[in-house]
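> I'd like to go over a predicted model; first the sequence, then the structure.
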Amino acid sequence: MARYELLNNITHKDLRVATRFGREFGDDVGMVMAFPTEFAELQREYPIFFRKDRDSGQWQAVALLGFDAKENLFLQGERWNAAYLPGAIAKGPFLIGFQEQRIEGELRREPVVHVDMDHPRIQAGDGEAVFLPQGGNSAYLDHISTVLRGIRDGVDAGQAMYAALDALGLIQPVSLEITLDEGHRVSLAGLHNIDRDRLAALDADQLHALHRAGYLEGVYLVLASVHNLRRLMAEKQRRLRETAQ
């Protein structure tokens with residue numbers, strides 16, 4: 001169970017977070033949440049798809065990491081083999097919460113950072129310091145704050161974007177039947193992507209509306225990202241060959 005606390009430099013003055021990678025930190029996952037604010041970075045290395053959240057029924061974007069629920073083909077020992085780390089992983093034990101604060105006489109819900117004190121990255125007892133000895137934010141915490149802002153903005157942008165794409169019928173199921181070698185085939189269900197034919201059939205007004213809203217670039221980034229399936233396949237095939245030796 002998570003045990004979240006409002007982060008502060010008094011209670012958590014000695015807090016450290018392990019930044020290496022491994023199964024013990026929950027990094028052995030086949031996909032992670034993805035956000036429009038990071039599509040430009042993600043599409044260089046990860047395939048991006050859509051799926052519906054089982055609880056809310058809302059669309060969400062995901063970056064595919066492997067072909068099984070517990071398979072992360074980017075995880076190599078304590079190293080993450082990619083130039084860009086998805087925000088959902090990079091945030092570690094932190095998340096954005098909200099706290100009511102009175103600012104200039106007005107009561108507002110302001111975003112604040114919380115930390116899961118039961119997270120394995122904290123339980124490891126080593127790693128990056130969150131605060132400086134004098135109490136200021138470390139460079140690591142500044143980076144985490146940037147990641148969390150991207151996620152917060154991405155959640156808001158994603159809800160509006162996916163609803164607009166769905167309304168135009170652009171999000172459609174995809175069938176992924178992948179042959180790795182003669183003895184290994186994988187089938188991925190429940191994933192969706194942008195339907196190229198429906199995109200091509202949009203009229204000028206619809207395309208302009210997507211462009212004006214800032215969604216059209218994201219559509220093409222998602223489409224381009226699917227080519228990264230080849231990278232996943234190559235890494236999976238390499239590991240299968242190693243296992244067979």
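Here it is on my side, so go on.
> by mean pLDDT, flag the weakest helix or strand of this structure.
Taking mean pLDDT, DSSP states H and E as the measure, the helix or strand of the chain with the lowest value is strand 94-103, at a mean of 76.
> show me what the helix or strand that that one is followed by is packed up against.
Next in sequence after strand 94-103, counting helices and strands by DSSP states H and E, comes strand 106-116. Under the contact definition 3 or more CB pairs under 8 Å, 6 or more residues apart in numbering; DSSP states H and E, strand 106-116 sits against strand 4-6, strand 94-103, helix 139-167. For the C-beta atoms, the positions are set from N, CA and C on the backbone; glycine is no exception.
> which one of the ones you listed has the most crowded surroundings?
helix 139-167 (a mean of 17; mean count of other CB atoms under 10 Å).
> identify the residues contacting stretch 8-24?
Around stretch 8-24, the neighbours that count as contacts under CB atoms under 8 Å, 6 or more residues apart in numbering are 5, 25, 27, 75, 77-80, 92-93, 115, 120-122, 124-131, 135-137, 140.
> how about stretch 119-137?
Here stretch 119-137 makes contact (CB under 8 Å, 6+ apart) with 2, 7, 9-10, 12-13, 15-20, 24-26, 92-93, 115-116, 138, 140-141, 145.
> recalculate using a threshold of 10 Å.
2-4, 7-10, 12-27, 92-94, 113, 115-117, 138-145 (CB atoms under 10 Å, 6 or more residues apart in numbering).
> now the buried members of these.
7, 12, 15-19, 21-22, 25, 27, 92-94, 113, 115-116, 138, 140-141, 144-145 (16 or more other CB atoms under 10 Å).
> now the helices and strands packed on strand 106-116 in JSON lines, with distance to residue 179?
Putting the helices and strands packed on strand 106-116 into JSON lines (distance: least, CB to CB, whole Å) gives the following:
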{"stretch": "strand 4-6", "distance to residue 179": "44"}
{"stretch": "strand 94-103", "distance to residue 179": "39"}
{"stretch": "helix 139-167", "distance to residue 179": "30"}
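> lowest average pLDDT across these?
Lowest mean pLDDT within these: strand 94-103, a mean of 76.
> check the offset of stretch 150-165 from the chain's centre.
Its chain's C-alpha centre and that of stretch 150-165 lie 13 Å apart, by CA atoms, centre = their mean, to the nearest Å.
> alpha carbons only: can I get it in CSV?
Below are the C-alpha coordinates for stretch 150-165, written out as CSV (Å, rounded to 0.1, in the frame of the first residue of the first chain):
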residue,chain,number,x,y,z
GLY,A,150,4.6,17.6,-17.6
ILE,A,151,2.4,14.8,-16.3
ARG,A,152,-0.1,17.2,-14.8
ASP,A,153,-0.3,19.2,-18.0
GLY,A,154,-0.4,16.0,-20.1
VAL,A,155,-3.3,14.5,-18.2
ASP,A,156,-5.4,17.6,-18.8
ALA,A,157,-4.3,17.9,-22.5
GLY,A,158,-4.8,14.2,-23.0
GLN,A,159,-8.4,14.1,-21.9
ALA,A,160,-9.4,16.8,-24.3
MET,A,161,-7.3,15.5,-27.2
TYR,A,162,-8.5,11.9,-27.0
ALA,A,163,-12.1,12.9,-26.8
ALA,A,164,-11.7,15.0,-29.9
LEU,A,165,-10.0,12.1,-31.8
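> give me the three-state assignment for the nearest residue to residue 174 once chain neighbours are set aside.
Of all residues not flanking residue 174 in the chain, residue 193 sits nearest, at 4.8 Å (CB to CB, 6 or more residues apart in numbering). Put simply, residue 193 is strand when judged by DSSP: H, G, I helix; E, B strand; the rest coil.
> what's the spacing between residue 193 and residue 170?
Distance of residue 193 to residue 170, computed by CB to CB, to the nearest Å: 9 Å.
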